[in-house]
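**Q** Build me a model:
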Amino acid sequence: MPLFSLLLPPPPLNYSLKPLPQLSSSPLSPPPLLSLSLSCHFCSSLLSPHLFFPLLPASSQLSPASHPLPSPLLGPSLPSSPTEANPLHPSPPVPPGPPRSQRQYERIGESTGTTFIQTLIHLLKGNIGTGLLGLPLAVKNAGLVLGPVSLLCMGIVAIHCMRLLVKCSNRLSERWMVNLFLIITQLGFCCVYFVFLSDNIKQVVEAANATTWDCQVDHANQTALAGTSFDSRIYMLFFLPAFILLVFTPNLKYMAPLSLLANLVMCCSLVLIYYYSLTNIELPINLPLVGKAKDYPLFFGMAIFAFEGIGVVLPLENKMQKPEGFGRVLYTGMGVVTFLYISLGTVGYLCFGDTIAGSITLNLPNCWMYQIVKLLYSFGIFITFALQFYVPAEILIPPVVDRVSGHRRRIAVGLLMRALLVIFTCCLAVLIPELDLVISLVGSVSSSFLALIFPPLLEMLTFHTDGLSPLVITKNVIISGVGLIGFATGTYSAIMELIIRNNPPHSHNLSPSYMLQ
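**A** Numbers count the residues shown, from 1 in each chain. As a prediction, this is how the structure comes out:
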């Protein structure tokens, strides 16, 4: 008898087995056949996996509209039609958590999303970009020893904060502050891509007459511009129509083949850059182990900018067919990325020393093999633009399109918004065509907030009711504090350096903007 009593439903449903006479005439009481159905529903629910595993993956969560929650008084809701009633195979209850409107962000991928490999390709593509090529200059600002050590620490913290962002996004629905800095960060990356492409293509085009096939030259003799030299802003305007056409791609899934191709050509370019840097290191090495204190904020901005994939973490997790597997994607991809950051930053600084430019490609010799390297890497950056642009576009454009009626009008408005955003980023790049300072400024202002400051604060605000340990709170406060200090000092240093470069002692000096003085 005690064992049988364990199978009985809880008190609120006792009336379903033995209807009370006083409730028989009430409109709230179920008919006899339905009472048996309710008891079967309850007993079968004891065997349902949803009872023991209520927190389902995002792709398997059900709509409350199609499976309403049971009433505490009436039991499960009545079916809307006789064919929907199946007491032996009841619909599983909705798992606890926020309503559908708050969980929809987690379920965009479903069966049409990206696979593990596709997501890994996008993650690598989103992190291997212009920031990687600027890390030799960042190591110069920090020092030969302090720079790599700082990069390792920042890599570990950045990966941890990426995981926190995903963790908090699954609980929160209102993320307007995070979205704001996502927009600023990603559009800042797009500005950097304009400057990077204009500087590198400018070198290749304007030095074409003097380019040779002999690459056995002194690495100090960087690519020299020959003949007529145009302002790099002209090249930015030249790339503007191509970028506009590129961002008209509506879905990340369609970008996977191009993203894979971009990864391949950029990997080939990186292999040649590594080869040249490793074979041209001059001995003995007389470089400072620790840089000047006033230059460290510039290192911070460039280093945190390098982790440019922070902005695509949420969209990539959101688009996966199986979001629960995103952790493996994140740790695998970011482990490879962190190794590349430390190694190229160190090797590039060892090779070029104090002459290192805002991008290591600008230090390569004037021969066709390395000019092709610049072209290949520029192609990869061109494709990356679409991936970085996808994030602000998905945040800003849908609310505007929803206000428009008619399918064709909605498409036209969406394309117009994309074109206007690209034009906006081009205008910002024209205003500040200094590659290294744009990288440091964007990294200090927006990347520091998104990568270091917000994730720990979001964890404390989101999970404070779960009882966070003092160790976790201390860790979060330290990470956010370091991010705030880096934001303030890095922004100040980048702005002051920008003012100094725009007001040189001799304003008639028209040296290329990308070369460090």
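**Q** low pLDDT regions in the protein?
**A** 1-112, 172-175, 177-178, 216-229, 252, 308, 311, 504-517 (pLDDT under 70).
**Q** what about 50?
**A** For the chain, the stretches flagged by pLDDT under 50 are 1-109, 219-221, 226, 507-517.
**Q** where exactly do the strands run in it?
**A** Using DSSP state E, no strands are assigned anywhere in the chain.
**Q** Tell me the buried residues in stretch 424-443?
**A** The neighbour-count check on stretch 424-443 (16 or more other C-beta atoms under 10 Å) flags 425-426, 428-430, 432-443 as buried. C-beta: built from backbone N, CA, C; applies to glycine.
**Q** Repeat that for stretch 134-154.
**A** Buried, per 16+ other C-beta under 10 Å, within stretch 134-154: 134-144, 146-148, 150-151, 154.
**Q** Kindly report the same for stretch 194-211.
**A** Buried residues in stretch 194-211 (16+ other C-beta under 10 Å): 194-204, 206-207, 211.
**Q** TSV for those, including distance to L452?
**A** TSV is the format used below for the buried residues of stretch 194-211 (distance: C-beta to C-beta, whole Å):
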residue	distance to L452
F194	26
V195	24
F196	24
L197	28
S198	30
D199	28
N200	29
I201	33
K202	34
Q203	34
V204	36
E206	39
A207	39
T211	42
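**Q** contacting residues for the closest residue in space to L484 that isn't next to it in sequence?
**A** Of all residues not flanking L484 in the chain, I453 sits nearest, at 6.1 Å (C-beta to C-beta, 6 or more residues apart in numbering). Taking C-beta atoms under 8 Å, 6 or more residues apart in numbering, we find I453 in contact with I479, S480, G483, L484, F487.
**Q** one step back: could you list which of the buried residues of stretch 134-154 belong to helices?
**A** Counting by DSSP state H, these place 135-142, 146-148, 150-151, 154 in helices.
**Q** Let me know whether T185 touches V442 as I believe.
**A** Yes: T185 sits in contact with V442 when judged by C-beta atoms under 8 Å, with a separation of 7.1 Å.
**Q** Quick check: the gap between the residue nearest to L484 and I304.
**A** I453 sits 11 Å away from I304 when distances are taken as C-beta to C-beta, to the nearest Å.
**Q** Then L457?
**A** Taken as C-beta to C-beta, the span from L457 to I304 is 16 Å.
**Q** more neighbours, those two?
**A** I304 (31 against 18; other C-beta atoms under 10 Å).
**Q** if I pick that one, what's in contact with it?
**A** M154, A158, G443, S444, S447, S448, A451, L452, G486, G490 are the contacts of I304 under C-beta under 8 Å, 6+ apart.
**Q** how near is the residue nearest to F379 when sequence neighbours are not counted to Y377?
**A** Of all residues not flanking F379 in the chain, V265 sits nearest, at 5.8 Å (C-beta to C-beta, 6+ apart). Separation of V265 from Y377 (C-beta to C-beta): 7 Å.
**Q** Between these two, point out the one with more neighbours.
**A** Taking neighbours as other C-beta under 10 Å, V265 and Y377 compare with Y377 leading, 29 against 18.
**Q** Look up how far Y370 lies from that one.
**A** Y377 is 10 Å from Y370, by C-beta to C-beta.
**Q** these two touch, right, I183 and P392?
**A** Yes: using C-beta under 8 Å, I183 is in contact with P392, at 4.4 Å.
**Q** Tally up the residues packed near L314, please.
**A** L314 has 23 nearby residues by other C-beta under 10 Å.
**Q** Would you confirm that it contacts L164?
**A** No: taking C-beta under 8 Å as the definition, L314 is not a contact partner of L164, at 11.4 Å.
**Q** which of the contacts of I453 are buried?
**A** I479, S480, G483, F487.
**Q** which one is the third one nearest to, not counting chain neighbours?
**A** Closest residue in space to G483, ignoring its immediate chain neighbours: L452 at 3.1 Å, by C-beta to C-beta, 6+ apart.
**Q** so how many other residues sit close to that neighbour?
**A** With other C-beta under 10 Å as criterion, L452 counts 26.
**Q** shouldn't it be in contact with G481?
**A** No: counting by C-beta under 8 Å, L452 does not reach G481; the two are 9.3 Å apart.
**Q** wait, isn't L124 in contact with V336?
**A** Yes: using C-beta under 8 Å, L124 makes contact with V336 at a distance of 6.8 Å.
**Q** Between those two, point out the one with more neighbours.
**A** L124 (23 against 15).
**Q** any idea how far the residue lying closest to the more buried one once chain neighbours are set aside is from T119?
**A** Leaving aside its chain neighbours, L124 sits nearest to G333 (5.4 Å; criterion: C-beta to C-beta, 6+ apart). Distance of G333 to T119, computed by C-beta to C-beta: 8 Å.
**Q** Between these two, which has more neighbouring residues?
**A** Taking neighbours as other C-beta under 10 Å, G333 and T119 compare with T119 leading, 28 against 23.
**Q** The more buried one: what's it in contact with?
**A** L316, E317, K319, M320, F326, V329.
**Q** Repeat the analysis, applying 10 Å as the threshold.
**A** 109, 113, 252, 256, 312, 316-317, 319-323, 325-326, 328-330, 333 (C-beta atoms under 10 Å, 6 or more residues apart in numbering).
**Q** wait, V336 sits on I121?
**A** No: contact criterion C-beta atoms under 10 Å: V336 and I121 do not qualify, at 11.8 Å.
**Q** pretty sure M255 contacts A262?
**A** Yes: with contacts counted by C-beta under 10 Å, M255 reaches A262, the gap being 9.3 Å.
**Q** list the residues that contact both of these two?
**A** I121, K125, I383, T384, A386, L387.
**Q** Farthest pair within those residues?
**A** I121 and A386 (13.5 Å; C-beta to C-beta).
**Q** shared neighbours of these two, anything?
**A** By C-beta under 10 Å, 6+ apart, the residues touching both I121 and A386 are M255, S259, A262.
**Q** nearest to I500, of those?
**A** Among the shared contacts of I121 and A386, and counting by C-beta to C-beta, the member closest to I500 is A262, at 35.6 Å.
**Q** From M320, how far off is that closest one?
**A** According to C-beta to C-beta, A262 and M320 sit 20 Å apart.
**Q** All set now, cheers.
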